[in-house]
Every structure is written in C-alpha cells, then in structure tokens.
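Chemist: Mind looking at a prediction? Sequence and model below.
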Amino acid sequence: MKSRRRIRLLRRETLLAMVIVDTMKWRPRIFGISYSFCRAAVPLRWWASLEDTQHSSTTSPEYNRNFHLAGESFAGHYIPVIADKILQENKRMDQGASSPPKQRIDFRGMAIGNGDTDNPHSAPYMAEMAMVSGAVNRSTYQQMLASVPPTTELMLRCTEILGKLKQPANLFTAPETCLDANLEYMMNFLAPVEATGRNIYDLRLNGTYNFSRYINFLNNATIMKTLGAGKKWKPINYRVTLDLYFDDTYRIYNPEVERVLEAGVKVLIYAGDKDYLCNWLVNDAWTKRLQWSGAQQFVHRPLELYQAGTTEVVGEMRRTQNLAFVRVYNAGHLVPHDQPKEQSGDYRAVFEWKYVRFCLDGLASYPWALSCNQDFVVRPHNDVNVIE
C-alpha cells in the first residue's frame with residue numbers, strides 16, 4: 001500500500017494489515033475481499049475478488065502472510081464461497097494443475113459476525129429470540145411457533161428449486177415458491193417485531209441506526225480524494241440488494257463451511273446477543289448442524305464464559321478444534337461497533353468500529369484464534385490526526 005501521504009503508525013503493538021476493498025461496477029479496485037462485493041455470494045461471480053487477491057499476493061507478497069477473510073451479516077453467504085474457492089485453487093496449484101501459474105494464498109482462517117448462512121432453518125430460533133428478548137408477548141410467540149413448519153417447508157422448497165436453476169433469479173424471474181417463502185418469512189417472523197418499533201438489528205434501540213457520522217466522514221471531499229473514491233458512499237445499495245435477494249437469500253452455504261473446516265482452516269462465528277435479524281440463537285444452532293469431523297464433540301461442548309483477554313466476562317464461547325462460536329453480550333448486529341472493549345492503549349480501527357482491536361484483544365487469549373499479526377493499520381478517527 002503506497003501513498004504520497006504519510007501514515008502514522010501505532011506505537012509498539014503488533015497490528016493487522018487490513019485492506020478494505022470497495023467495488024466499482026462490480027469489480028474490486030485493489031487487493032482484498034470487500035464486504036460490499038455482494039456479487040461474490042452468487043457462485044458464478046466470485047472470480048474477480050479471488051483473481052485480484054491472487055494477483056496482489058504476487059505483486060505484494062508482504063500481504064500474503066497469515067491471510068484471513070472476515071465479514072458480517074450477508075457475508076455469511078459470500079465468505080464461505082470465496083474461502084472454499086481459495087482452497088480449491090490452492091489445491092490445484094499444489095497439484096500443478098493451475099494454468100497459467102498463480103500465487104498460492106496463505107489462507108489461515110475466516111470469521112463471520114452475525115451472519116446469515118442457513119436462513120431456511122432459522123424460523124424456530126427467530127421465534128425463540130423474539131420471545132426471550134421480550135420483543136413479543138406469549139400470544140404472538142405462539143403464533144410465530146405455529147408458523148414455523150409451513151414457513152420452513154416453503155423456504156426449503158425454494159432452496160431446492162434455486163439449486164436447479166441455470167440462471168440466477170431476480171425479482172421478476174423468482175420462482176413463485178420463493179416469493180411465497182419470502183412473504184411468509186417476513187410476515188410471520190419480521191413483522192411482529194418490527195411492529196413494536198424496535199430496531200431488528202439491535203433490540204435495545206427504537207427506529208433505525210444513525211449513520212450520519214460515518215456518511216459525513218466517508219463523503220468528505222478530502223477523504224474521498226485520499227481513498228480514490230469516485231462515488232459517494234451510502235449505507236445500503238438497494239440495487240445490489242434487489243439483484244441478489246430473490247436468488248440468494250434461501251441458498252444454504254453449510255457445505256462450503258464444512259469443507260473449510262475439514263481443510264483445517266480456523267473458523268470463528270460470533271454474534272451479538274441483542275441482534276434479532278441474524279441473532280445468536282440462529283447462529284449457534286446452525287454451527288451445531290454443520291457436518292464435519294469435529295461435529296459431535298462441538299455439539300456436546302457447552303457454552304462457557306468468555307473473557308476477552310481480561311477478567312471481564314464479555315460473552316460465551318463454544319470451541320472445538322478449529323471451530324468456535326462466540327455469543328457477545330450487549331452487542332447488536334454490529335459487534336465491533338457495540339463492544340469494542342474499552343481500555344487504555346486499545347487499538348482503534350476504521351470508523352470507531354475498532355475491529356482490529358476486537359480481533360486482537362478479543363481473541364488473543366486463545367492460541368487457535370485468528371492471528372492478526374501484521375504491522376500497521378490506517379485508522380481514520382475524529383479525535384486523532386491520522387493522515388498528515
């Protein structure tokens with residue numbers, strides 16, 4: 001990463017070299033895997049990110065050490081796909097079958113936060129979360145439970161149909177079964193909670209998130225010029241959402257995660273326990289459904305209190321071999337934003353989400369955990385002069 005501007009380095013701590021990639025006409029502009037590269041969720045669209053990663057691993061080998069993928073929310077779809085493809089390509093290279101020769105990626109681990117990987121089996125846990133969180137009363141809860149079997153059946157039928165399509169579906173070509181499944185899911189499991197006025201991404205809040213600080217920061221003319229951004233940033237790209245929603249929402253990506261686990265790659269699944277849309281009960285349940293060599297041991301291991309490098313209990317963890325699930329207390333959909341673990345000398349990362357510090361401090365006490373051991377981070381933050 002070269003720039004005419006000087007980047008202030010952070011003291012003596014060992015930090016992650018984090019490169020965030022945005023898309024321009026569906027094509028990543030620089031090295032890495034982008035949270036916003038939602039096209040990667042569609043199996044036919046993952047090539048651009050992987051090819052750019054392989055290219056940059058060759059041209060910038062210093063970034064091809066201890067490589068990890070991480071993402072949140074819909075990343076539960078595209079992170080497993082890209083991870084699985086990286087492993088496939090690495091295997092082809094090891095066998096000398098790659099033409100032309102490409103750089104092998106030093107892929108060590110992946111993390112998914114409050115992800116959506118197996119939506120068709122989520123209904124019973126959505127109902128349970130609505131009840132235990134106090135978002136709905138018992139009568140509404142009973143109605144939600146009664147809706148679980150028919151809604152689940154529709155979603156699974158949709159999954160089966162989508163798997164047989166030769167072309168991705170969209171709003172206009174989506175199978176009727178999938179449209180019905182979507183309507184049932186929204187009416188039976190989202191509408192009852194949204195009707196209370198609660199934020200489905202953080203049940204402690206009413207209404208929507210306020211992203212004005214981040215929007216103003218990213219759309220500042222100086223920041224845009226520094227980043228080389230040609231368009232203003234928006235929290236949600238509805239074009240991408242609609243383009244993917246009716247094709248990808250009810251696809252299941254467990255097989256990709258299972259292959260990654262069997263390859264010995266470290267997998268971290270974490271979830272804030274105040275999120276509803278991609279809640280911790282859903283995530284806990286689907287990790288226990290994964291079919292891999294450590295499955296039985298993982299399923300029978302109880303959740304244990306989790307301390308993030310200090311004596312403070314910040315959640316619960318279930319861990320076996322190279323798979324770990326973490327329930328993070330008092331956090332919503334955006335865990336690094338809600339629970340950065342405040343303490344002096346902590347690491348800070350982009351937009352005060354402090355993901356780097358969350359990765360380092362939150363996991364450093366576990367030898368197996370994602371090892372963030374690169375040497376710098378760019379940290380735009382409103383109380384320090386980072387770029388001089």
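Modeler: Received it, and whenever you're ready, just let me know what you need.

Chemist: Just give me the neighbour total for the closest residue to Leu218 other than its chain neighbours.
Modeler: Nearest residue to Leu218, sequence neighbours excluded (Cβ to Cβ, 6 or more residues apart in numbering): Trp233, at 4.1 Å. All C-beta atoms are positioned from the backbone trio N, CA, C, and that covers glycine. As a burial measure, Trp233 scores 17 neighbours (other Cβ atoms under 10 Å).

Chemist: Surely Trp233 is in a strand?
Modeler: No: under DSSP: H, G, I helix; E, B strand; the rest coil, Trp233 sits outside any strand and is assigned coil.

Chemist: Roughly how far does it sit from Pro149?
Modeler: 42 Å (Cβ to Cβ, to the nearest Å).

Chemist: Same question for Met186.
Modeler: Relative to Pro149, and taking Cβ to Cβ, Met186 is found at 17 Å.

Chemist: mean confidence score for the lengthiest helix in the chain?
Modeler: Secondary structure of the chain per DSSP state H: the longest helix is helix 138-164. Helix 138-164 shows a mean pLDDT of 97.

Chemist: which SS state does the nearest residue in space to Met155 that is not next to it in sequence fall under?
Modeler: Using Cβ to Cβ, 6+ apart and skipping the chain neighbours, the partner closest in space to Met155 is Pro120 (3.7 Å). Three-state assignment for Pro120 (three-state DSSP): helix.

Chemist: How is this protein divided into domains?
Modeler: 23-118+253-363, 120-248 (automatic domain parsing).

Chemist: Quickly compare the ones you listed and say which is most buried.
Modeler: domain 23-118+253-363 (a mean of 19; mean count of other Cβ atoms under 10 Å).

Chemist: Average pLDDT for that one, rounded please.
Modeler: 73.

Chemist: Is the residue nearest to Met155 in contact with Glu160, as I believe?
Modeler: No: with contact defined as Cβ atoms under 8 Å, Pro120 does not reach Glu160; the gap is 9.7 Å.

Chemist: now the helices: where do they sit in this structure?
Modeler: 47-59, 75-94, 123-132, 138-164, 176-185, 191-194, 212-218, 221-227, 238-248, 254-262, 280-289, 295-300, 335-338, 355-363.

Chemist: helices or strands up against the fourth one?
Modeler: Looking back up the chat, that one is helix 138-164. helix 123-132, helix 176-185, helix 191-194 (3 or more Cβ pairs under 8 Å, 6 or more residues apart in numbering; DSSP states H and E).

Chemist: Tell me which residues touch the residue nearest to Met155, please.
Modeler: 152, 155-156, 158-159, 250, 252 (Cβ atoms under 8 Å, 6 or more residues apart in numbering).

Chemist: one more time with 10 Å
Modeler: 151-160, 181, 185, 249-252 (Cβ atoms under 10 Å, 6 or more residues apart in numbering).

Chemist: Same check on Trp280?
Modeler: Per Cβ under 10 Å, 6+ apart, neighbours of Trp280: 114, 125, 129, 269-274, 315-316, 325-329, 331.

Chemist: same thing with His333?
Modeler: Contacts of His333 by Cβ under 10 Å, 6+ apart are 72-73, 113-114, 199-202, 209, 271-272, 274-279.

Chemist: Sort out for me which of those residues are in strands.
Modeler: 72, 113, 199, 202, 271-272 (DSSP state E).

Chemist: Those residues: which two are farthest apart?
Modeler: Gly113 and Asn199 (17.1 Å; Cβ to Cβ).

Chemist: What's the separation between Val326 and Asn114?
Modeler: Taken as Cβ to Cβ, the span from Val326 to Asn114 is 11 Å.

Chemist: Common neighbours of these two, please.
Modeler: Common neighbours of Val326 and Asn114 (Cβ under 10 Å, 6+ apart) are 269-272, 280, 283, 335.

Chemist: Please identify the one among those that lies nearest to Ala295.
Modeler: Ile269 (14.0 Å).

Chemist: Could you tell me the end-to-end distance of stretch 105-117?
Modeler: 24 Å (Cα to Cα, to the nearest Å).

Chemist: Actually, stretch 239-258.
Modeler: Across stretch 239-258, first to last residue, Cα to Cα, it's 31 Å.

Chemist: what does stretch 164-183 give?
Modeler: Rule used - Cα to Cα; the end-to-end distance of stretch 164-183 is 22 Å.

Chemist: Could you do stretch 312-326 as well?
Modeler: Termini of stretch 312-326 sit 15 Å apart (Cα to Cα).

Chemist: just stretch 109-126 next, same as before
Modeler: Rule used - Cα to Cα; the end-to-end distance of stretch 109-126 is 28 Å.

Chemist: ok, back up a step: need the residues touching each of Pro120 and Glu160.
Modeler: Shared contacts of Pro120 and Glu160, counting by Cβ under 10 Å, 6+ apart, come down to Tyr250.

Chemist: Chain neighbours aside, what residue packs nearest to Val148?
Modeler: Ala123 (4.6 Å).

Chemist: got the contact list for the one you found?
Modeler: Ala123 touches 144-145, 147-155, 184-185, 188-189, 282, counting by Cβ under 10 Å, 6+ apart.
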